[in-house]
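1. Here is a sequence together with a model predicted from it:
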Amino acid sequence: MSPSGGESTAKGLEPLLATKEIVVFCGSGGVGKTSVAAAAALTAATRLGGKVLVLTIDPARRLASALGLEGFGNLEKQVPPEALKEAGLEPRGELWAAMLDTKRSWDDLVLRHAPDEETAYRILENRLYTNITGRFVQSHDYIAMERLFDLHATGSYDLIVIDTPPTRNALDFLDAPKRMAEFFGGRLLRWLTMPYRVGGKRGARVLNVASRPFYQLADRILGSEFLQDIGEFFVNFQSMYDGFAERARAVEALLHDRRTTFGVVTTLEGSPLREAEFFCEQLIDRKYHLGALVLNKTLPDYLLSADGARAADVLVAEAGPVAEALAAELPDAAELSDTARTARVLRTVGDSFRNFAVVAKREAELKGELARQPEVVANVPNFEIDIYDIAGLARIGEHLFA
Amino acid sequence: MAEPDLLGRRLLFFTGKGGVGKSTVTAATALLAAERGKRVLVVEVDAKGNLTEQFEQGAVGFQPREVYPGVFAMVMRTEDSLKEYLKLNLRVPVLGRLGPLARVLDFVATAAPGVKEILTVGKVCWEVRESIEGRADWDLVVVDAAASGHIIGQLDAPRAIQELVAVGTVRTQTDWMVELLSDPALTALNIVATPEEMPVNETIELVERARAELRVPLGAVFVNRVLPELFTRPDEETFEALRRPESGAVLTERAGPGATTVLEAARLAVSLRRTRATHLTRLRETVDLPMVYLPYLFVRDAGLRVTRMVAEAMAQELGL
């Protein structure tokens, strides 16, 4: 049933959310991916039904608590149906939410892929390991995709909506599985860890390091102790290669699967929009399914109205006479009796319209210049208030489904 | 509140959440310093390539190029930085062998914390030290640094390396970097934010973390895109009176059918400002750093003109 009462034409993101199993929202920082992803999941759960999960990376605290995601942890939680009802929604399905705990996900991964428990714990205790999982640039990206794969494989959800981690390059997460496989399978890794591997199966002692120019150089720069740490770490980590490579291939296949679609989120500002366009192009070129473009936080169309522009001009140019007319025609309005003040307010009002109209025009121009865009383009207005509750997400959802 | 002695230092880092205008503020700072007669090196670390766009110039590389009178821009490339480092410090002839070395570096950097970061921060620190000692002539080095999620790791790299590496050339070289980075007379880490929920949250968290984990002194918070306050309290009462239907009728008669649209737009502007003001208040009440307010610019496009406007606003705020 559609909200407008029995119309069968699905609009906006609705057909995508109704037919796909995974929707990945991406875009540059600050464009509102997290809210859009949460709103899409909420609206799918309420209007389309089924069991919908939103996997979110770094939600604003108030949004997280609106979804019932307090504290840390990897567990999925159902957003209480009462919370949806309180927001005036009549959910047909269930909304579930989960956050990404990078460290714990990595630990799980190591425990799963390590050949034996001893190796697993040697890795978990290596002092480089915590640094890798904490700071490794692609660590977030990879683990997000890995987690997505896991959740999808459980088969518990009809739809999973995920927002991608804030990275320097919004494309990084696409390459993460492949890069991860290359990383652990590379000849370079074998070469680099050679001195550590020839020392027996524990591979712990440094042998003839001085015999190779690279090690000699590295030793001078970094010191052998540090090199040994690195070597040990890699040797242990490499034992997980097969599991990793297989998994990375599966994750990549899932992202290319026809059940998966991508939504690019952007604001109508120069640099996020350029990145969004680049991203759309890349998705198409790499044969991912580009489902929708979401233009977020856009200014209202009325700012482009010619009548509005004319009225603003009159209010600025003739503020004095208009203020006089108001005072004369509405003698009971005490707030309008000070004509100097009224004139000042009228000028401010007119100026403000002109200012915002400039920005609205810029947005319209940028929108017009969009070259390659998907079939579905959704417009979400710049809400005057922050969106941090279910009702607010539902408002975004209305625009996504419009 | 004391004005931050921004341009009096030698090394300024700018960080902030994505999308808040970090590059614009960095560029405006460089421009402002240059117009005050300084020779400025501006370094783009995040390699998004949009820093030189703020000066309406094409891309630059690792070698600094003048993009505005007195402003020289460079993009950080860790491989080039390593090459330069090896040439200068170890006298290793690496030019022909950098291919595999770069791959090895990429590799080691993936696993070892701080390797890439140290090459980034190290290069920046080196330029400052060379200038102080008279071998280079930058009066100021301005860095468009990593976003707030990565900045701690970036600036803490010398210390992280000190912890991990017990001996070796790198170890001895990090000492002076740590010293330079923690000198409040020379260095400041500045945070760019907008008066919105997430940028304010990240700023508050970053200030806490930086104080706990970094020795790099904090400079100022640049609050970007502050919407103007349209009305005083009495003016607002008048505005509300104008929005009444009977006033609307008079205004429509005088200014045409768009009059109520114009009033609606002003109402939108007022409530946008009000929502943002709550975040601004929260920021001000939580963070005890100097705040530099930069207005929302109602302009058609980005570029040098915007950079100039931001620099002018900054000059006014800083009393320059």
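-> Nice, I can see it. Numbers count the residues shown, from 1 in each chain, chains lettered A, B, ... in the order given.
2. and stretch B:224-233 with chain A, contact?
-> Yes: on the criterion Cβ under 8 Å from any Cβ of the partner chain, stretch B:224-233 is in touch with chain A at B:228, B:230, B:231. For the C-beta atoms, the positions are set from N, CA and C on the backbone; glycine is no exception.
3. filter those to the buried ones?
-> B:230, B:231 (16 or more other Cβ atoms under 10 Å in any protein chain shown).
4. Turn the residues of stretch B:224-233 next to chain A into CSV, columns for secondary structure and pLDDT.
-> Formatted as CSV, the residues of stretch B:224-233 next to chain A follow (DSSP: H, G, I helix; E, B strand; the rest coil; pLDDT from 0 to 100):
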residue, secondary structure, pLDDT
B:228, coil, 93
B:230, coil, 95
B:231, coil, 96
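5. Nearest to chain A among the residues of stretch B:224-233 next to chain A?
-> The nearest member of those to chain A, counting by Cβ to the nearest Cβ, is residue B:230 at 5.3 Å.
6. The helix or strand encompassing residue B:238 - contacts with which helices or strands?
-> Remark: residue B:238 resides in helix B:233-242, with elements defined by DSSP states H and E. Applying 3 or more Cβ pairs under 8 Å, 6 or more residues apart in numbering or on different chains; DSSP states H and E, one finds that helix B:233-242 contacts helix A:339-369, helix B:245-255, helix B:259-286.
7. now that helix and helix A:339-369, what's the angle there?
-> Orientation note: helix B:233-242 sits at an angle of 70 degrees relative to helix A:339-369 (axes from the mean of the first three to the mean of the last three Cα atoms, to 10 degrees).
8. and residue 66, what does it touch?
-> In the absence of a named chain, chain A is used. A:83, A:388, A:389, A:390, A:393 (Cβ atoms under 8 Å, 6 or more residues apart in numbering or on different chains).
9. ah, no, chain B please
-> By Cβ under 8 Å, 6+ apart, the neighbours of residue B:66 are residue B:72.
10. related to what we said a few turns ago, and for the helix holding residue B:238, what's in contact with it?
-> Contacts for helix B:233-242 (Cβ under 8 Å, 6+ apart): A:326, A:333, A:335-336, A:338, A:341-342, A:344-346, A:348-349, B:230-231, B:247-248, B:251, B:263, B:266, B:270.
11. What segments of chain B are strands?
-> B:11-16, B:40-44, B:65-68, B:71-75, B:140-144, B:187-193, B:218-226, B:291-295 (DSSP state E).
12. Is any residue of the fourth one near chain A?
-> Pointing back at strand B:71-75 there. No: Strand B:71-75 lies out of reach of chain A by Cβ under 8 Å from any Cβ, never closer than 13.1 Å.
13. and that strand, how far out from the chain's middle?
-> Between the centre of strand B:71-75 and the centre of its chain there are 15 Å (Cα atoms, centre = their mean, to the nearest Å).
14. now for it, which elements pack on it?
-> With contacts taken as 3+ Cβ pairs under 8 Å, 6+ apart, strand B:71-75 sits against helix B:22-35, strand B:40-44, strand B:65-68.
15. Redo the strands of chain B as a markdown table? Include mean pLDDT.
-> Below are the strands of chain B laid out as a markdown table (pLDDT from 0 to 100):
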| stretch | mean pLDDT |
| --- | --- |
| strand B:11-16 | 96 |
| strand B:40-44 | 97 |
| strand B:65-68 | 97 |
| strand B:71-75 | 97 |
| strand B:140-144 | 97 |
| strand B:187-193 | 97 |
| strand B:218-226 | 96 |
| strand B:291-295 | 96 |
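16. how close does residue A:146 sit to residue A:55?
-> 11 Å (Cβ to Cβ, to the nearest Å).
17. And for residue B:45?
-> Distance of residue B:45 to residue A:55, given as Cβ to Cβ: 30 Å.
18. Please list all residues in contact with residue 260.
-> Defaulting to chain A. A:20, A:21, A:22, A:23, A:24, A:254, A:288, A:289.
19. nope, chain B please
-> B:248, B:251, B:252.
20. got the helices and strands packed on helix B:233-242 as a markdown table, with mean pLDDT and distance to residue B:152 columns?
-> Listed next are the helices and strands packed on helix B:233-242 as a markdown table, based on pLDDT from 0 to 100; distance: least, Cβ to Cβ, whole Å:
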| stretch | mean pLDDT | distance to residue B:152 |
| --- | --- | --- |
| helix A:339-369 | 95 | 34 |
| helix B:245-255 | 96 | 54 |
| helix B:259-286 | 96 | 18 |
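21. Out of those, which gets nearest to residue B:312?
-> Among these, helix A:339-369 comes nearest to residue B:312, with 17.5 Å by Cβ to Cβ.
22. And the lowest mean pLDDT element among the helices and strands of chain B?
-> helix B:98-111 (a mean of 61; mean pLDDT, DSSP states H and E).
23. correct me, but residue A:115 touches residue A:238?
-> No: using Cβ atoms under 8 Å, residue A:115 is not in contact with residue A:238; the gap is 10.5 Å.
24. out of the two, which sits in the busier spot?
-> residue A:238 (19 against 12; other Cβ atoms under 10 Å in any protein chain shown).
25. Let me see the confidence value for the more buried one.
-> On the pLDDT scale, residue A:238 is placed at 72.
26. ok, now the one 5 residues further on?
-> As predicted, residue A:243 sits at a pLDDT of 79.
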